[in-house]
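Engineer: Take this sequence and fold it.
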Amino acid sequence: MYTRVIKARNKDGSIRYYLQLVRAYRQDGKVRQELVCSIGRLDEIKGDGGLDRLIASLARHSERCWIDAEAEGVDRWDKVYGPVLVFRRLWEDLWLARGLGKVQEETWVDFPLEEAAFAMVLHRLLDPGSKLATYRWLDTVYRPEFEALELQHLYRALDYLVRGKEEIEKALFLRNRDLFSLSVDLVLFDTTLVHFEGHGPQGLATMARPGNYPDCVKVLVGLVMTADGFPVAHHVFPGNTADIRAFQKALADLKQRFPLRRAIIAADRGVVSEGVMEELATQKVSYILGMPLRKNREVRDLVLSRAGRYHEVADNLDTKEVWVGGHRYVVCHNPDAEERDRKRREEIVERARRDLEKKGPQTFVMPRGLKRYLELSGGELSVKEEVVREEARYDGKWVLRTNTDLPAGEVAQAYKGLWRIERAFRELKSGLEIRPVYVRTEDHVRGHIMVCFLALVLEATFQHLLKDHDTSASYGEVLDDLRQLRAVRFEARGKAWLRRTELPGRSHVAFQTVGLRPPSRVQPLS
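Structural biologist: You can find the predicted model right below:
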């Protein structure tokens, strides 16, 4: 039923309006209306507040409306609600609930394994911490299924996550490939060291190679991602594993488990050495490597000196191809970055001049970064012009070495995709300074890293859905607003009720993006 306003004309030509209650129904395939009653002249019932009293009177016969009004100002608790709903929808859409349910069936686990895994992943996304912190945090979010979880369940779930790792990763990859039509002919792989505060599990946590926090034990974590930014798989190695050994094992695993046409190693200049490049060539592994500009003689003296025309690839990205000694290089140039580098150097030099004049040569201390540009002799500061000219060669440039047959522009774009892996590693490492009191065994360490990996998958999926939804709101902005959506529990009319707060900010975008309707404003609790 609904209300409608009809217009009537008086004999003198004036207009009066009547409010009616109408019922709509379907007859013989056509929608028809039936007048239930005429409420009265609109101007008369509005004039003395009669319409407001009528609405209030009718609301008393609607339990939901009455309860919604009664909820205001009632003693209650409220908990985080929005992210639970949205990430749970993604969890189920990616078949994680189904996959972990299958693991539970095969192992006869006697606790809610899938809920324990979801709880740890959700905590990782919203408020990373230890497993004890996760258990305490569960009381601040609204999901009735979490009430059955105990602290021991979280630790035990880590063991089963490790056992199901390979099947879960493969299923995730196939699901995301189908959902998003992923570009799977190019896969990026990189590694990072994660250190422990303590001894860590024996055999896995080892002293790393010299120069990498020698006083700490570590594990080496490798992450595989598509060029689209989706995590594919992860690998955990002892901390003293050489990068090339990690690459080899990860690539062999990828070729065995995933339908990939090509797996290309992309690595930053921090891990590049002649030994690594020789080993990659010997093993016939495809690679794209960022090269040191100043320390590598071939790059410094030959590659950057070669003349050649740059070709525009994208905004602020030009490339040219150079071959030296049978090696293929791609020189990349960003005009805006070149200007920034030049201005930064000029500003540093000028600041040093001002400091020298202000402090005098006796108290002036040459900053370390300026020593290669300036020299101080007899109280006079002079610029090493030949050094400045040499440094100008590097402004806005980076050099890649590759043995692939990809066009130079695609090589440059693929390497730029490394920022996704580096960002993912930063996400992975926050909260991964694991103390032995929290995670003692090798399976628990591997399980914890699996939780971090699954959180990255959900985050990447949500980000891509937002992008496909063509919204201007970022992942962080939407998530911040989503956190403000709360579940409120209160007592009224002798029953327990749940009321959600209004959708704040851009939280509605999250629900639209994952294809989920927001829950009813008021729900009875059994």
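Engineer: Specify the residue ranges that define each domain of this protein.
Structural biologist: 2-61, 77-163+441-526, 165-334+397-440, 336-392 (automatic domain parsing).
Engineer: Using JSON lines, please lay out those domains together with mean neighbour count and mean pLDDT.
Structural biologist: All C-beta atoms are positioned from the backbone trio N, CA, C, and that covers glycine. Shown next, in JSON lines, are these (neighbours: other C-beta atoms under 10 Å; pLDDT from 0 to 100):
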{"stretch": "domain 2-61", "mean neighbour count": "11", "mean pLDDT": "79"}
{"stretch": "domain 77-163+441-526", "mean neighbour count": "18", "mean pLDDT": "90"}
{"stretch": "domain 165-334+397-440", "mean neighbour count": "17", "mean pLDDT": "79"}
{"stretch": "domain 336-392", "mean neighbour count": "13", "mean pLDDT": "77"}
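Engineer: how close does the spatially most central residue of the chain get to D336?
Structural biologist: In the chain, the C-alpha nearest the mean C-alpha coordinate belongs to E459, at 3.9 Å (C-alpha atoms, centre = their mean). E459 sits 29 Å away from D336, going by C-beta to C-beta, to the nearest Å.
Engineer: How about V514?
Structural biologist: 36 Å.
Engineer: helix or strand right after the helix or strand containing L223?
Structural biologist: L223 belongs to strand 217-226 when assigned by DSSP states H and E. Sequence order places strand 231-238 as the next helix or strand after strand 217-226, per DSSP H and E.
Engineer: May I have the strands that pair with that following strand, each with its orientation?
Structural biologist: If you go by DSSP bridges, strand 231-238 pairs up with strand 217-226 (antiparallel).
Engineer: Please work out which residues outside the helix or strand containing E422 touch it.
Structural biologist: Using DSSP H and E, the element containing E422 is helix 418-429. Residues outside helix 418-429 that contact it (C-beta atoms under 8 Å, 6 or more residues apart in numbering) are 188-190, 192, 194, 221, 223, 225, 229, 231, 266-268, 290, 449, 452-453, 455-456, 459.
Engineer: repeat for stretch 476-495
Structural biologist: Contacts of stretch 476-495 (C-beta under 8 Å, 6+ apart): 63, 67, 70-71, 74-83, 86, 126, 142, 466, 471, 496-501, 503-507, 509-510, 513, 524-525.
Engineer: quick revisit: I figured the residue nearest to the centre of the chain was touching R124, is that so?
Structural biologist: No: applying C-beta atoms under 8 Å as the test, E459 and R124 come out as separate, 9.4 Å apart.
Engineer: Spit out the residues that contact the two alike.
Structural biologist: With C-beta under 8 Å, 6+ apart as the test, E459 and R124 reach no residue in common.
Engineer: can you give me phi and psi for L254?
Structural biologist: With angles defined as degrees, to the nearest 10, L254 sits at phi -60, psi -50.
Engineer: what residues are up against it?
Structural biologist: 187, 224, 232-233, 260, 263.
Engineer: What is the nearest of the residues you listed to F173?
Structural biologist: Among those, V232 lies closest to F173 (C-beta to C-beta), at 5.4 Å.
Engineer: For E347, see how far away that closest one is.
Structural biologist: V232 is 43 Å from E347, by C-beta to C-beta.
Engineer: what's the answer for E477, then?
Structural biologist: As judged by C-beta to C-beta, E477 and E347 stand 33 Å apart.
Engineer: hey, where'd the helices end up in the stretch 401-526 of the chain?
Structural biologist: 408-416, 418-429, 442-468, 475-483, 507-514 (DSSP state H, counting those that start in this stretch).
Engineer: now the shortest one, how far from the chain's geometric center?
Structural biologist: Same thing as helix 507-514. Once both centres are worked out by C-alpha atoms, centre = their mean, to the nearest Å, helix 507-514 turns out to sit 16 Å from its chain's centre.
Engineer: can you check the second one too?
Structural biologist: The chain centroid and the centroid of helix 418-429 are separated by 9 Å, computed with C-alpha atoms, centre = their mean.
Engineer: what do you get for the first one?
Structural biologist: From the chain centre to the centre of helix 408-416 is a distance of 22 Å (C-alpha atoms, centre = their mean).
Engineer: Grab the CA positions of it and hand them over as PDB.
Structural biologist: Extracted in PDB, the C-alpha atoms of helix 408-416 (Å, rounded to 0.1, in the frame of the first residue of the first chain):
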ATOM      1  CA  ALA A 408      61.500  -2.300 -24.500                       C
ATOM      2  CA  GLY A 409      58.300  -0.500 -23.400                       C
ATOM      3  CA  GLU A 410      56.800  -3.700 -21.900                       C
ATOM      4  CA  VAL A 411      60.100  -4.400 -20.100                       C
ATOM      5  CA  ALA A 412      59.900  -0.900 -18.500                       C
ATOM      6  CA  GLN A 413      56.300  -1.300 -17.500                       C
ATOM      7  CA  ALA A 414      56.800  -4.700 -16.100                       C
ATOM      8  CA  TYR A 415      59.700  -3.500 -13.900                       C
ATOM      9  CA  LYS A 416      57.500  -0.600 -12.700                       C
END
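Engineer: what sits up against it?
Structural biologist: Helix 408-416 has contacts (C-beta under 8 Å, 6+ apart) with 186, 188, 227, 264, 266, 288, 290, 311, 313-314, 317, 319-321, 330, 332, 400, 402, 404, 406.
Engineer: Equivalent analysis for stretch 166-179, please.
Structural biologist: Contacts for stretch 166-179 (C-beta under 8 Å, 6+ apart): 93-96, 99-100, 103, 161, 182, 184, 230, 232-234, 257-258, 450, 453-454, 457, 461.
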